[in-house]
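Asks: No sequence on hand, only this structure:
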């Protein structure tokens, strides 16, 4: 059965009890005789059903020709219990396994899923519809797992390229360029400075891309309590170190220290990129940037504004409505993409407000962690 094709299933039944084996085979035959062949509404069609009565024969079968799914009895002459699942998973990790259990073995069925099986069915209560539906869902889940695993492998490879290969080469360009400052003709200084500025910007983009890869990585970053004050201070310190634009922080009386909100390890990177966006705009206007932290019993907010600075409409729309980043023609920088992705992941909110005097204020709001 190929991806996207829910027909033509090759099923392997590993069952030593002749009566149980015939029962399963009869369910399959009866179901398909009552269903229109290749009917578009039918879940799957089992083209081939092979039956073996020993685990060793089943392992040999999967090595010779990989089935689309396996119905596996736990109690076989040459293997019993969860060991049966372990051995089959070891030999056929990419094949969905549906375990057959007795009425008093439901707990073992749950453990079998934890060992790698997709589902379990209790003998004596299986109907044709349940059997076919269970097989279909098991095949679909396994296929989705394989696609996710492949995606994660590709993300991991891209992550390594960004963090190591590209960054190392660009850092070398910056370092060698600095060595040339005192060795070049004055007429070439402008060209060298432009080259170094571009290289340093590429280093920043590489760091931001690596952060975004963390957000999209296989190891999903879970929400956990974070000190918003500490996160924000770290972001401000980093941006101050890389820019000469003045940044002030004001905290209202309601702000606690620490002030705990739900966040991820990427929250600091999100604030760093959001601050950098406002700072870049403020530098063009030769103005300062202000940060205001406020809180209530349930919520905490951070308002960032450049004195008289207005965020372009395109960036404003992307911040207020992150879903617009998927629209044709959207031009969201990788930094703002990281910001909106991280804030979404922790169920935060982003608001953008324009005032005549102060310019644009970007406010992020988070749920506070309640004290026990």
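Replies: Structure's in. What do you need? Just so you know, these numbers come straight off a predicted model, no measurement behind them.
Asks: now the helices for the chain?
Replies: 18-34, 55-64, 82-91, 106-114, 128-160, 167-179, 189-215, 228-242, 267-285, 313-320, 334-345 (DSSP state H).
Asks: between those, which one is nearest to residue 351?
Replies: When those are compared by Cβ to Cβ, helix 313-320 sits nearest residue 351, at 7.2 Å. Any C-beta I mention is one placed from the backbone N, CA and C, and that applies to glycine too.
Asks: Tell me who's in contact with the nearest residue to residue 72 once chain neighbours are set aside.
Replies: Closest residue in space to residue 72, ignoring its immediate chain neighbours: residue 14 at 4.9 Å, by Cβ to Cβ, 6 or more residues apart in numbering. Contact analysis of residue 14 by Cβ atoms under 8 Å, 6 or more residues apart in numbering lists 52-55, 57-58, 70-73, 76, 88.
Asks: Considering those residues, which is situated nearest to residue 226?
Replies: Residue 226 lies nearest to residue 88 out of the contacts of residue 14, by Cβ to Cβ, at 42.9 Å.
Asks: Next one: residue 61 from residue 94, what distance?
Replies: 15 Å (Cβ to Cβ, to the nearest Å).
Asks: which one of these two has more residues nearby?
Replies: Taking neighbours as other Cβ atoms under 10 Å, residue 61 and residue 94 compare with residue 61 leading, 19 against 12.
Asks: The more buried one and residue 92, how far apart?
Replies: Distance from residue 61 to residue 92, by Cβ to Cβ: 9 Å.
Asks: Distance to residue 364 for the helices of the chain - can I get that in TSV?
Replies: Listed next are these as TSV, based on distance: least, Cβ to Cβ, whole Å:
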stretch	distance to residue 364
helix 18-34	54
helix 55-64	52
helix 82-91	45
helix 106-114	39
helix 128-160	26
helix 167-179	28
helix 189-215	16
helix 228-242	10
helix 267-285	7
helix 313-320	10
helix 334-345	6
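Asks: and of these, who's closest to residue 295?
Replies: Using Cβ to Cβ, the helices of the chain put helix 228-242 closest to residue 295, at 8.6 Å.
Asks: what's that closest one packed up against?
Replies: Packing partners of helix 228-242 (3 or more Cβ pairs under 8 Å, 6 or more residues apart in numbering; DSSP states H and E): strand 247-251, strand 260-263, helix 267-285, strand 289-295, strand 299-306.
Asks: Please identify the buried residues of it?
Replies: Buried positions in helix 228-242, judged by neighbour count with 16 or more other Cβ atoms under 10 Å: 228-229, 231-232, 234-236, 238-239.
Asks: So which of those sits lowest on pLDDT?
Replies: Lowest in pLDDT among the buried residues of helix 228-242 is residue 238, which has 88.
Asks: Who are the contact partners of residue 84?
Replies: Contacts for residue 84 (Cβ under 8 Å, 6+ apart) come out as 55, 72-76.
Asks: if you set the cut-off to 7 Å instead, what comes out?
Replies: 55, 72, 74, 76 (Cβ atoms under 7 Å, 6 or more residues apart in numbering).
Asks: Tell me which of these has the lowest pLDDT.
Replies: pLDDT across the contacts of residue 84 is lowest for residue 74, at 90.
Asks: Next, give phi and psi for that one.
Replies: Backbone torsions for residue 74, taken as degrees, to the nearest 10, come to phi -80, psi -30.
Asks: so it sits right up against residue 107, yeah?
Replies: No: proximity of residue 74 to residue 107 does not meet the contact threshold set by Cβ atoms under 7 Å, at 11.8 Å.
Asks: the more surrounded of these two?
Replies: residue 74 (23 against 9).
Asks: Roughly how far does that one sit from residue 237?
Replies: Applying Cβ to Cβ to residue 74 and residue 237 gives a distance of 58 Å.
Asks: ok so, going back, out of the contacts of residue 84, which is most surrounded?
Replies: Top of the contacts of residue 84 by neighbour count (other Cβ under 10 Å): residue 72, with 27 neighbours.
Asks: from memory that one sits against residue 99, does it?
Replies: Yes: assessed by Cβ under 7 Å, residue 72 is found in contact with residue 99 at 5.4 Å.
Asks: Please enumerate the shared neighbours of these two.
Replies: With Cβ under 7 Å, 6+ apart, residue 72 and residue 99 have common neighbours residue 85.
Asks: Pull the contacting residues for the residue nearest to residue 80 when sequence neighbours are not counted.
Replies: Nearest residue to residue 80 in three dimensions, chain neighbours excluded: residue 74, at 6.7 Å (Cβ to Cβ, 6+ apart). Residue 74 makes contact with 80-81, 84, 99, 101, 105, 108 under the criterion Cβ under 7 Å, 6+ apart.
Asks: Pull up the gap between residue 74 and residue 171, please.
Replies: 56 Å.
Asks: How many residues are close by the closest residue to residue 247 other than its chain neighbours?
Replies: Leaving out its chain neighbours, the residue that sits closest to residue 247 by Cβ to Cβ, 6+ apart is residue 289, at 4.8 Å. Close neighbours of residue 289, defined as other Cβ under 10 Å, add up to 24.
Asks: Could you give the bridge partners of residue 289?
Replies: In this structure, residue 289 bridges to residue 247, residue 306 when assessed by DSSP bridges.
Asks: who are the neighbours in contact with it?
Replies: Here residue 289 is in contact with 245, 247, 278-279, 282, 304, 306 (Cβ under 7 Å, 6+ apart).
Asks: ok, it to residue 88 distance?
Replies: 60 Å.
Asks: got a list of what residue 72 touches?
Replies: 14, 84-85, 88, 97, 99-100.
Asks: Check residue 243 too.
Replies: With Cβ under 7 Å, 6+ apart, residue 243 has these contacts: 279, 283.
Asks: what's the distance between it and residue 65?
Replies: Using Cβ to Cβ, we find residue 243 at a distance of 63 Å from residue 65.
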